[in-house]
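1. With the input below, show me the fold.
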Amino acid sequence: MSSFNQKLIIISGSPCVGKSAVADRLFVLYENSAYLDDDWVWRVNPFSFDDPRNKTIHENMSFVLSNYLNLGFDYVFLSSVRMIGGRERLLGKITAKNYKTIGFTLTCSEETLAERHKNRGDKGECSFEWLRLAPYPNDFVINTDDKTVRQVACEMKNIIDTFSIIKSGDTQRRCSDYFTPGYSAKINDGFSFDTAFIIFTPL
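-> Here you go, the predicted model:
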């Protein structure tokens, strides 16, 4: 049932950069959408990279994403830590055809990442290893410094919508139309929703 109008939106970046927070926000903005966070398929106990069963994690993600696309969801979101070679393995095992992949890499300064890591309450040391990796080729790179979840989500939505085919007679709504003015809520990575201007800078 997949078609070229379907979008697979991959949101990559370092832990604590805000991937899940932004993906949660985008997911509710789009009807007929599905969302997978790669944290869910890595959640095994005890966890060890040496466990040979964990080598199939990308196959598990490909299987879920394939099902979402083949079932006819128009927008499929994946939030995933940036790992070298991971996206190629992931996409290579997706069985759906004729969908459009849109990639985003979220980034921020080391100071911002350390603050978000602290605010989230993580007990381990904050690592900058993933933050220093180059983005995937052709990804839209979004710097999240000094931005709220709403700002980042709006910036990404404006980009996603440029790939959408608007049917005759349809009206494309502005990102700000989806938010209640004055609404503010703290979430788990140090971001907050608020009323903010839409910033769209293609990179």
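2. Next, the contact list for V64, please.
-> 36, 41 (C-beta atoms under 8 Å, 6 or more residues apart in numbering). The C-beta positions use only the backbone N, C-alpha and C, and glycine is treated the same way.
3. L26 - that's part of a helix, no?
-> Yes: looking at L26 with DSSP: H, G, I helix; E, B strand; the rest coil, it is inside a helix.
4. Now stretch 117-135: buried residues?
-> 117, 126, 130-131, 133, 135 (16 or more other C-beta atoms under 10 Å).
5. mind checking which helix or strand of the chain has the lowest mean pLDDT?
-> strand 185-186 (a mean of 32; mean pLDDT, DSSP states H and E).
6. how would you label L133: helix, strand or coil?
-> coil.
7. With the flanking residues excluded, which residue is spatially nearest to it?
-> Spatial nearest neighbour of L133, excluding adjacent residues (C-beta to C-beta, 6 or more residues apart in numbering): R82 at 5.4 Å.
8. of the buried residues of stretch 117-135, closest to L36?
-> Among these, W130 lies closest to L36 (C-beta to C-beta), at 18.9 Å.
9. Partner strands of the helix or strand harbouring T105, with direction?
-> Secondary structure from DSSP states H and E places T105 in strand 100-107. Using DSSP bridges, the strands paired with strand 100-107 are strand 7-13 (parallel), strand 140-143 (parallel).
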